[in-house]
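Novice: sequence and predicted model, in that order:
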Amino acid sequence: MTSFTNEEEEAVGLTNMVPQLVEDVMIKRGANYSKKESWASFACKDGNLITGQNPASSEAVAELLLKAFN
């Protein structure tokens with residue numbers, strides 16, 4: 001799973017174009033939503049769930065996936 005933060009969506013002017021902001025939906029559904037500053041690389045693993053904050057996080061997500069497969 002990966003998603004842009006609300007701040008990142010706002011920075012590119014998409015908050016009014018997308019039907020729902022992923023950050024809001026995840027928090028509303030009880031997720032422990034973690035993030036760093038906008039556009040930073042950030043990935044985390046919780047059990048079998050591996051998440052990344054934005055495209056800058058792809059390398060960090062890939063590293064966590066490789067560790068999970070080993």
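Specialist: Structure's in. What do you need? Numbering: from 1, shown residues only.

Novice: any stretches of the chain with poor pLDDT?
Specialist: Filtered on pLDDT under 70, the chain yields no residues whatsoever.

Novice: can you show me the helices along the protein?
Specialist: Listed from the start of the chain, the chain has helices (DSSP state H) covering 6-11, 22-28, 58-69.

Novice: what's the most buried one of the ones you listed?
Specialist: Counting by mean count of other CB atoms under 10 Å, helix 6-11 has the highest mean neighbour count of these, with a mean of 16. C-beta here means a position set from N, CA and C on the backbone, and glycine is covered the same way.

Novice: which helices and strands sit right next to that one?
Specialist: Using 3 or more CB pairs under 8 Å, 6 or more residues apart in numbering; DSSP states H and E as the contact definition, the elements that helix 6-11 packs against are helix 22-28.

Novice: kindly export the helix it packs on (C-alpha atoms) in PDB.
Specialist: Written as PDB, here are the backbone C-alpha positions of helix 22-28 (Å, rounded to 0.1, in the frame of the first residue of the first chain):
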ATOM      1  CA  VAL A  22      -6.500   8.300   1.400                       C
ATOM      2  CA  GLU A  23      -5.000   9.700   4.600                       C
ATOM      3  CA  ASP A  24      -8.400  10.800   5.800                       C
ATOM      4  CA  VAL A  25     -10.000   7.500   4.900                       C
ATOM      5  CA  MET A  26      -7.300   5.400   6.600                       C
ATOM      6  CA  ILE A  27      -7.500   7.500   9.900                       C
ATOM      7  CA  LYS A  28     -11.300   7.300   9.800                       C
END
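
Novice: run through who's touching that helix.
Specialist: The set of residues that contact helix 22-28 without belonging to it, under CB atoms under 8 Å, 6 or more residues apart in numbering, is 3-6, 9, 33, 35.

Novice: let's go with 6 Å and repeat that
Specialist: Residues lying outside helix 22-28 but in contact with it, judged by CB atoms under 6 Å, 6 or more residues apart in numbering, are 3, 5-6, 33.

Novice: now those residues: which count as buried?
Specialist: Among the contacts of helix 22-28, those classed as buried by neighbour count (16 or more other CB atoms under 10 Å) are 3, 5-6, 33.
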